[in-house]
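[1] The amino acid sequence is not available; the structure is as follows:
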């Protein structure tokens, strides 16, 4: 008889057994990404996954971090999503355990020496974790069962979009992930890339990401429009400004199209690397509104205010902004042939991200055709509703149960 390692049976007085009782999984979960200079979507994915896991009764979760001089938490960990029906888990002292090493030293030590093992710093009162989850990027050293998340291999598909140092770092983390018992990725697109990179398909599990409920402060979308002088339709872009996001072609599409000559482009998100934002958006003149980094409340309001959302990335591992826009009923234009097309399916207009004319035509179609916009808005809401973070947590717990012996 095969016994599920996560199930025990309590004996009854007659020496038999009662109904199965699910034991609690002790999970050490890497959350250091929240302190990165530009956390990006991978950090959001880690934090929201951890929140959803922490809400479960069958998971005892402790976040793993490096040493930080300040005791202040980064915004991603300190706040909740703010929605009345959403997660209310904010990470506090006791739910996070820090190494004695600062991040650069810790990451390098894990990679080069396999030390320090997190089993001894995981905060389980001397009892080692049942599983360690490297939730993206660096892979902690451990003697416990290991699960590693790999969001994408964009630097291999498009090496020109990463720095030389970045490519070395990513390759190191990828090599470290090969020792994991299971590899988690957010899309079939990334799974195919991992198989091409030599990973055993039998150890790969696809666990899609989620989206939080879409509470928006009443009146805030209108106030944002007024603040930036927007009195008509506009195109929204959300993300970290970096080369693979393909912003230059989006700008070219909006510059060349006769039907988009008066339409502003609003850019929300932090500057990443190797992108001269001012130079990239210069062809749009005053129509380019670079908002920069915002908190979650303002980001949700921008989604709500927008007439169409466009993310024509060259490569994504999932594309969280696509799902976020859909959750707000904002019509989406995004890339075919990468994970964003997989996430959006038939509920968005999919384009060749290298075809400036196709991007312009799709944006014009949404803005000029109310029936198309309404269809995409309704379908997008339904698709987003099928991706709560609790579903992501359920998928992760299934993977944890596979590796625990």
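    Perfect, thanks for sending it. The structure presented is a predicted model; accordingly, all values stated were derived computationally and were not measured.

[2] and residue 405, how many neighbours?
    Per other C-beta atoms under 10 Å, the neighbour tally for residue 405 reads 7. For every residue, glycine as well, the C-beta is placed using N, CA and C.

[3] Quick one: the strands in the stretch 101-250 of the chain, in order.
    131-134, 146-149, 182-185, 204-206, 235-238 (DSSP state E, counting those that start in this stretch).

[4] So for residue 380, which of those sits nearest?
    strand 235-238 (13.5 Å; C-beta to C-beta).

[5] okay, and for this protein, where does confidence drop off?
    In the predicted model, the chain carries pLDDT under 70 at residues 1-22, 79-94, 122-125, 273-274.

[6] domain ranges for it?
    Recorded structural domains for the chain (assignment: automatic domain parsing) are 22-210+388-403, 220-385.

[7] Serialize those domains to CSV and add fields for mean neighbour count.
    Listed next are the domains of the chain as CSV, based on neighbours: other C-beta atoms under 10 Å:
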stretch, mean neighbour count
domain 22-210+388-403, 18
domain 220-385, 19
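
[8] picking up where we left off before, need the strands of the stretch 101-250 of the chain in a markdown table (columns: distance to residue 373).
    Listed next are the strands of the stretch 101-250 of the chain as a markdown table, based on distance: least, C-beta to C-beta, whole Å:
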| stretch | distance to residue 373 |
| --- | --- |
| strand 131-134 | 40 |
| strand 146-149 | 35 |
| strand 182-185 | 32 |
| strand 204-206 | 31 |
| strand 235-238 | 12 |
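
[9] Indicate which one of the ones you listed is closest to residue 365.
    For the strands of the stretch 101-250 of the chain, proximity to residue 365 was assessed by C-beta to C-beta; strand 235-238 is nearest, at 12.5 Å.

[10] which residues touch that closest one?
    245, 247, 250, 254, 260, 263-269, 299, 302-303, 305-311, 321, 324-325, 330, 363 (C-beta atoms under 8 Å, 6 or more residues apart in numbering).

[11] 7 Å instead?
    250, 254, 263, 265-269, 299, 302-303, 306, 308-311, 321, 363 (C-beta atoms under 7 Å, 6 or more residues apart in numbering).

[12] ok, now stretch 43-61?
    So stretch 43-61 is contacted by 22, 24-27, 29, 31, 33-34, 36, 63, 76-77, 87, 89, 135-136, 209-210, 212, 320, 389-390, 392-393, 396-397 (C-beta under 7 Å, 6+ apart).

[13] show me what contacts the nearest residue to residue 189 once chain neighbours are set aside?
    Residue nearest to residue 189 in three dimensions, not counting chain neighbours: residue 339, with 4.0 Å by C-beta to C-beta, 6 or more residues apart in numbering. Counting by C-beta under 7 Å, 6+ apart, residue 339 touches 187, 189-190, 316-319.

[14] Kindly report the same for residue 166.
    Residue 166 neighbours (C-beta under 7 Å, 6+ apart): residue 155.

[15] what do you get for residue 275?
    Residue 275 touches 241-243, 247, counting by C-beta under 7 Å, 6+ apart.

[16] Including distance to residue 228, could the residues you listed go into TSV?
    Compiled in TSV, the contacts of residue 275 are given as follows (distance: C-beta to C-beta, whole Å):
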residue	distance to residue 228
241	18
242	23
243	26
247	18
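
[17] Give me the subset of the residues you listed that lies in helices.
    In helices, defined here by DSSP state H, the members of the contacts of residue 275 are residue 247.

[18] just the contacts of residue 275 now: which is nearest residue 205?
    Closest to residue 205, out of all of the contacts of residue 275 and judged by C-beta to C-beta, is residue 242, at 27.5 Å.

[19] separation between the closest one and residue 253?
    19 Å (C-beta to C-beta, to the nearest Å).

[20] Could you do residue 151 as well?
    Taken as C-beta to C-beta, the span from residue 151 to residue 253 is 27 Å.

[21] Then residue 67?
    Residue 67 is 46 Å from residue 253, by C-beta to C-beta.

[22] One more: residue 317?
    24 Å.

[23] Surely residue 315 is in contact with residue 155?
    No: in this structure residue 315 lies outside contact range of residue 155 using C-beta atoms under 7 Å: 9.1 Å.

[24] Which residues outside the strand or helix carrying residue 97 are in contact with it?
    For residue 97, the host element (DSSP states H and E) is strand 96-98. Strand 96-98 is contacted by residues 31, 62-68, 121-123 when judged by C-beta under 7 Å, 6+ apart.

[25] and which of those is nearest to residue 167?
    Looking across the contacts of strand 96-98 and measuring by C-beta to C-beta, the closest to residue 167 is residue 66, at 22.5 Å.

[26] Tell me where the stretch 1-150 of the chain has helices.
    Using DSSP state H, counting those that start in this stretch, the helices found in the stretch 1-150 of the chain span residues 40-54, 75-78, 103-113.

[27] which stretch among those comes nearest residue 224?
    Nearest of those (C-beta to C-beta): helix 75-78, 19.2 Å.

[28] Output the contacting helices and strands for the closest one.
    helix 40-54 (3 or more C-beta pairs under 7 Å, 6 or more residues apart in numbering; DSSP states H and E).

[29] Can you give the distance of the helix it packs on from its chain's centre?
    Between the centre of helix 40-54 and the centre of its chain there are 7 Å (C-alpha atoms, centre = their mean, to the nearest Å).

[30] again, but for stretch 337-351
    16 Å.

[31] Now do that stretch: distance from first to last residue.
    9 Å (C-alpha to C-alpha, to the nearest Å).

[32] re the thing from before, which one of the contacts of residue 339 sits closest to residue 277?
    residue 316 (19.5 Å).
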